[in-house]
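Asker: Need a 3D model of the sequence below.
(2 chains, ligands or ions: 1)
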Amino acid sequence: MPDRTNLIYRYDGSFDGLLTCVFESYARHETPDAILSPDEEQTMLFEARRIETDYVKSERVLRGVINRISPEAADFIRMAHLSCIFDRDRRILAFLKLGFEAGPGVMNRLADVRVNALMSGVRYLEREAHHYMGFVRFTEIDGVLASVIQPKNRVLPLIDPHFSDRFNAERFIIHDATHRCALMHMPGCSRIVAMDELRVTASSPRELQVQALWKRFHETIAVEGRLNPQLQRNNLPLRFRPQMTEFQPKEPAGKEIERYEEGAGRRLGAV
Amino acid sequence: MTIMEKLTILSDAAKYDVACTSSGVGRAAKAGAVGNSMACGICHSFSADGRCISLLKVLQSNACVYDCSYCVNRRSNDTARATFTPRELAELTMAFYRRNYIEGLFLSSGVIGCADNTMELMIRTLSLLREEYRFGGYIHAKAIPGADERLVARLGRLADRMSVNLELPSRQSLQRLAPDKRGEDVLRPMDQIAQGIRQTQNELTLYRHTPRFVPAGQSTQMIVGASPETDRQILSLTAGLYKKYRLKRVFFSAYMPVVADSRLPALTTRPPLLREHRLYQADWLLRFYGFSADEILDEKQPNFHPLLDPKCNWAVNHPEFFPVEVNRADYEALLRVPGVGVTSARRILQARRGGPLSAEGLRRLGVVMKRAQYFITVGGRMGVNASLGRAQLIGALSSGGGMALPETARQLSFFDTTEEDLSKCLTGQI
Ligand code: SF4
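Answerer: Next up, the predicted model:
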């Protein structure tokens, strides 16, 4: 009997929630046409089923992936789940179905759409995370380093080890404005928490001076005879620039560096 | 003089140096200290010329006593002079690093007083950074030609990467354009650093705690277009440097006229960006694609083709090597196919284990079929265009997609104009 279709799953957006969806799909002989987390809009008119996250079920699926496909496949879907590719969760389900049939060899099927699409999604995630290792800009406020980013993928778990090692003795916070969460670090501990908004404003004379020095350096280091804004844009797309110090107006004195929708901004005193 | 003024003068004076990479060494931070390093390097920004900014690239001083004709900092040039104190520069580096503006410091200098004096000043800056500020980020330091061996050795224990600029692609040109520098002054520290690296590598296998010496390796750079060497001469020199001194990178910098001098091209000369770009492409073939310098250019063709990249150029001239069957060919043969890169060649090998590949599958693996189609068979089958003649092939493979090339570029093939003109329509990336 073929699986039932014309159906949508909704879940809480967590990785365990997704694995629970996989479990239910097998248990109920259903292949949903979409699997949606709370931030995704439903565009299809099919019936929606709410899947409640169940850690016993998700654990069983995860063990199944590790044993019957491979530990790499388990790491791979965990990464894929952080990516922003279109139709992500349904593609993860399709990949797992293929994997449960094909076994560990599925990771070599790079030319198969079901594998390839997810792999490009993961590559995009990794590339964006690597970009942010360079493009994050901290502003120092009362000894705390604060930054806001607007990534397309959920990059915080990927950049956490890098920044927490590099600035291990610092207190810092990186706010992901897209996914409304933040990486908070203090010596010896770091974690990712939900956070709606963070406003970062440079105010101390020292901070303003350092920012001005950096802008000057950025401007001076370009060679006039080779100006090439197109190449600059290919390497550093415009979407990153609103959060980068060197692309802000020259005299930031007294002005906000990051501007987001008006609303109750959270002050940094809480960090 | 304020820090702002010094920074302006000393970054302006350093900007013609090309190497800004922060790659070559992976190192975790020490607890309580600031900074680590990623083997692949990280770009922190891009300047208006499109080049990556990874390091704070400045000179310790531009008050140079030498008079190299091609350089803005030459003694006889009327320009503002400044010198950072070691403390100022260390503090600036830390302030930028903590805010994640940079990966570290790229420190070079004009010759202030004499070579030894200059090196001592640089060593003081780096010691402050490493010891007092406990800085664990990336440092690239330039050895000043003619400096005492002991100073070179000390600098090498503080830096991750060192470089000595070759400046020009031949001894004769160096003599003519940089009369204060002798070929030996450049090659001696290069040799010393190469030996130092080799020695610590041997010691490291014996004792784990040998202090590291230039762990990210050595690089050099030379100016292209200020002197008469052919592309072939430059490329063989490059291959020789990789072999003899085991350099990590050789950088090329298109000559940009900054001062008028009868020994140099006129001030109105445009920088030969396309030539520089071709050199980087060829350098890539040397380092990752298993090509030798003689395969890329020879007596018959001592200069790069203005319209074909060096790999396509080789492929067009070696029809006997093709077609390559993608379902059977080994890694080396795949790498020779235009449109197949290091990544896609690896992916082809991996994907073949999962079953035979189709043309559609190749595209998904990242193969640029637009170029590869003329050189491969897929399961024994040729692409539709596989039987083009040589001239048609060159047209189809030309940078910019053959017929889509701007008017100015197309004329080149008939009138044999200089490559500089072509750089107006093709951008050179470093
Ligand atoms: S030594 Fe020559 S190249 Fe170096 S700064 Fe002085 S004049 Fe310029």
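Asker: Pull up the distance across stretch B:51-71, start to finish.
Answerer: Stretch B:51-71 has its terminal residues 20 Å apart, counting by Cα to Cα, to the nearest Å.
Asker: cool, stretch B:47-55 as well?
Answerer: End-to-end span of stretch B:47-55 (Cα to Cα): 12 Å.
Asker: which residues in the stretch 51-200 of chain B form strands?
Answerer: For the stretch 51-200 of chain B, the strands defined by DSSP state E, counting those that start in this stretch cover B:52-53, B:55-59, B:104-108, B:138-142, B:161-163.
Asker: What distance do you get for B:Ala351 to B:Val324?
Answerer: 16 Å (Cβ to Cβ, to the nearest Å). C-beta coordinates here come from the backbone N, C-alpha and C atoms, glycine included.
Asker: Then B:Leu174?
Answerer: Relative to B:Val324, and taking Cβ to Cβ, B:Leu174 is found at 43 Å.
Asker: same question, A:Ala27
Answerer: Counting by Cβ to Cβ, the separation of A:Ala27 from B:Val324 is 49 Å.
Asker: Same drill for these two, tell me which one is more crowded.
Answerer: Neighbours per residue, other Cβ atoms under 10 Å in any protein chain shown: of A:Ala27 and B:Val324, the larger number sits with B:Val324, 19 against 9.
Asker: so who does A:Gly105 touch?
Answerer: When contacts are counted by Cβ atoms under 8 Å, 6 or more residues apart in numbering or on different chains, A:Gly105 touches B:353-354.
Asker: per-residue confidence at it?
Answerer: If you check A:Gly105, the pLDDT there is 91.
Asker: repeat for B:Thr377
Answerer: For B:Thr377, the pLDDT comes out at 92.
Asker: Likewise for B:Val25?
Answerer: 86.
Asker: can you tell me the helix or strand for the closest residue to it other than its chain neighbours?
Answerer: Sequence neighbours aside, B:Ala216 is the residue nearest to B:Val25 in space, at 4.0 Å (criterion: Cβ to Cβ, 6 or more residues apart in numbering or on different chains). If you go by DSSP states H and E, B:Ala216 is not part of any helix or strand.
Asker: mind checking the longest helix of chain A?
Answerer: Assignment by DSSP state H gives helix A:113-135 as the longest helix of chain A.
Asker: That one near chain B anywhere?
Answerer: Yes: counting by Cβ under 8 Å from any Cβ of the partner chain, contacts between helix A:113-135 and chain B involve A:113, A:116, A:130, A:133-135.
Asker: List buried residues within those residues.
Answerer: A:116, A:130, A:133-135 (16 or more other Cβ atoms under 10 Å in any protein chain shown).
Asker: ok, now how distant is the residue of the stretch 101-250 of chain A found nearest the ligand from B:Tyr16?
Answerer: The stretch 101-250 of chain A approaches the ligand most closely through A:Val223 (15.7 Å), counting by Cβ to the nearest ligand atom. Separation of A:Val223 from B:Tyr16 (Cβ to Cβ) stands at 7 Å.
Asker: what does A:Leu62 give?
Answerer: 55 Å.
Asker: buried stuff in stretch A:33-45?
Answerer: Buried residues in stretch A:33-45, counted by 16+ other Cβ under 10 Å: A:34-37.
Asker: out of those, which are inside helices?
Answerer: Using DSSP H, none of these sit in helices.
Asker: So which of those sit within strands?
Answerer: Counting by DSSP state E, the part of these found in strands is A:34-36.
Asker: Export those residues to a markdown table and append columns for distance to A:Ala74.
Answerer: What follows is those, written out as a markdown table (distance: Cβ to Cβ, whole Å):
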| residue | distance to A:Ala74 |
| --- | --- |
| A:Ala34 | 23 |
| A:Ile35 | 18 |
| A:Leu36 | 23 |
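Asker: CA-only coordinates of stretch A:230-242, as CSV, when you get a sec.
Answerer: In CSV, the C-alpha atoms belonging to stretch A:230-242 read as follows (Å, rounded to 0.1, in the frame of the first residue of the first chain):
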residue,chain,number,x,y,z
GLN,A,230,32.0,44.8,-8.4
LEU,A,231,34.7,42.5,-7.1
GLN,A,232,34.2,43.9,-3.6
ARG,A,233,30.6,43.2,-3.9
ASN,A,234,31.1,39.6,-5.0
ASN,A,235,33.4,39.0,-2.1
LEU,A,236,31.4,40.9,0.5
PRO,A,237,27.7,41.0,-0.5
LEU,A,238,25.8,44.1,0.4
ARG,A,239,23.6,42.2,2.8
PHE,A,240,26.4,41.9,5.4
ARG,A,241,27.3,45.6,5.4
PRO,A,242,24.6,47.1,7.6
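Asker: Got the domain ranges for the chain?
Answerer: You didn't say which chain, so I picked chain A. A:7-127, A:136-194, A:205-270 (automatic domain parsing).
Asker: oops, I was thinking of chain B
Answerer: Here the domain assignment for chain B is B:3-28+B:35-267, B:310-397, based on automatic domain parsing.
Asker: Just the element for the residue in the stretch 151-271 of chain A that chain B sits nearest to, please.
Answerer: Nearest residue of the stretch 151-271 of chain A to chain B (Cβ to the nearest Cβ) works out as A:Leu231 at 2.8 Å. Using DSSP H and E, A:Leu231 maps to helix A:229-235.
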